[in-house]
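Engineer: Generate coordinates for the sequence data below:
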Amino acid sequence: MMEKDNLISRKSFLNFVAIGTGSLVAGDVLFDYEAAWCKEVETPKRLELDQAIPTRMDTVRGLAFDSEDRLHIAGSGGVVIADTDGSVIREFSPKGLISGITVDEDGSMFLCHATRVQHLDPEGKQVTLWGEAGKGRGQFGYLTGIALSGAMLYLADAGNRRITRYAINGDYVDEIDGFSIPSAYFDCGIDGKGDLYVGHTSKHQVEKYDGNHELVEVWGEYGSDPEKFCGCCNPTHIAVYPDGKVATTEKGIPRLKVYGPYGNLLAYLSPEQLGLSPDPHFLKQLQENSDGSLPCHDGWPGMPLAVSKNLRLAVAIPGTGEIKIYRMDG
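Structural biologist: Predicted structure coming up:
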């Protein structure tokens, strides 16, 4: 880990991002954000663009694939279900700001709404709605991530800085606490064995927990180098492959990366390769188009991720109205 004196404060970092790009010095560390936006990185594997799906949403808050490889897109426009060719199968508009989505084997959906969880059938009709605001056991501060493992839901609560486990019928089970989450970016995912992965943003790490909530793997460190996580709170979003590889996205330097199960960098796409621009006018437009009023939100709309059973990796590209789907070679 880096020495405390070399860290950039959250305020300084956000002020810097707000005014544009360039280089910033903190201690002995030089952060060249302009170079990082366009930097191509040699990695063992490559992410190849497979498909681009247009949307009419200003902001996408969550992505999830179902068992038939159809993509569920949740955000400012409600929920859109896209077939494998990108055509829209179904769309509907549940009430409330959606902050996350996951899909069961039968096609039913679970949506986060800040302090509530909504269960919808495959047609988009409500089955149940449960949850309440608060700091007590089983209550929610602000939900920002959701993952499903069998009959259990894992809910990333940025407001209360914990992961809460519920049965899919809404019964509270237990929780993992002790996370340090400085903003409304807190995500989780499940691998093929049912192990839980969490983006511990203030520590710039990905943490893996087994079924007993024992911490079994930790990797990641602070920095602007391709394999590291910079800023106040990254990675903002994660998606987990069945074999334990982890895809991540970030803010500040909005890049897409895939890591091996033990944190080795496998693939990398820079912001420019994703189709993003460091132009201050573009960044300001993203902030103005963001439809959410998330706590501690700095205007960055986020880049949610999802991995399908066929190993397609979907990422929401802010400001373009597109979901890009990649395949990793090898």
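Engineer: from memory residue 103 sits against residue 153, does it?
Structural biologist: No. Applying C-beta atoms under 8 Å as the test, residue 103 and residue 153 come out as separate, 11.7 Å apart. Every residue, glycine included, has its C-beta placed from N, CA and C.
Engineer: gap between residue 70 and residue 88?
Structural biologist: For residue 70, the distance to residue 88 (C-beta to C-beta, to the nearest Å) stands at 10 Å.
Engineer: Can you pick out the residue with more neighbours from those two?
Structural biologist: The residue with more neighbours, out of residue 70 and residue 88, is residue 70; 17 against 12, by other C-beta atoms under 10 Å.
Engineer: check contacts around the more buried one.
Structural biologist: Shown in contact with residue 70 (C-beta atoms under 8 Å, 6 or more residues apart in numbering): 81-84, 89.
Engineer: among the residues you listed, who's most crowded?
Structural biologist: Across those, neighbour numbers were computed from other C-beta under 10 Å; residue 82 holds the maximum, 22 neighbours.
Engineer: sorry, back to before: joint contacts of residue 103 and residue 153?
Structural biologist: With contacts defined as C-beta under 8 Å, 6+ apart, the residues adjacent to both residue 103 and residue 153 are residue 110.
Engineer: From the contacts of residue 70, pick the one nearest residue 128.
Structural biologist: Taking C-beta to C-beta as the measure, residue 128 lies nearest residue 81 of the contacts of residue 70, at 20.0 Å.
Engineer: Partner strands of the helix or strand that that closest one is a member of and their direction?
Structural biologist: Using DSSP states H and E, residue 81 sits in strand 78-82. Each strand pairing with strand 78-82, determined using DSSP bridges, is listed with its direction: strand 71-75 (antiparallel), strand 88-92 (antiparallel).
Engineer: State the number of residues packed around residue 151.
Structural biologist: So residue 151, with other C-beta under 10 Å, has 10 neighbours.
Engineer: In the protein, what residue spans correspond to helices?
Structural biologist: In the chain, helices defined by DSSP state H lie at 10-19, 33-38, 271-274, 280-289, listed in chain order.
Engineer: mean pLDDT lowest for which of these?
Structural biologist: Set side by side, the helices of the chain show their lowest mean pLDDT on helix 10-19, which sits at a mean of 41.
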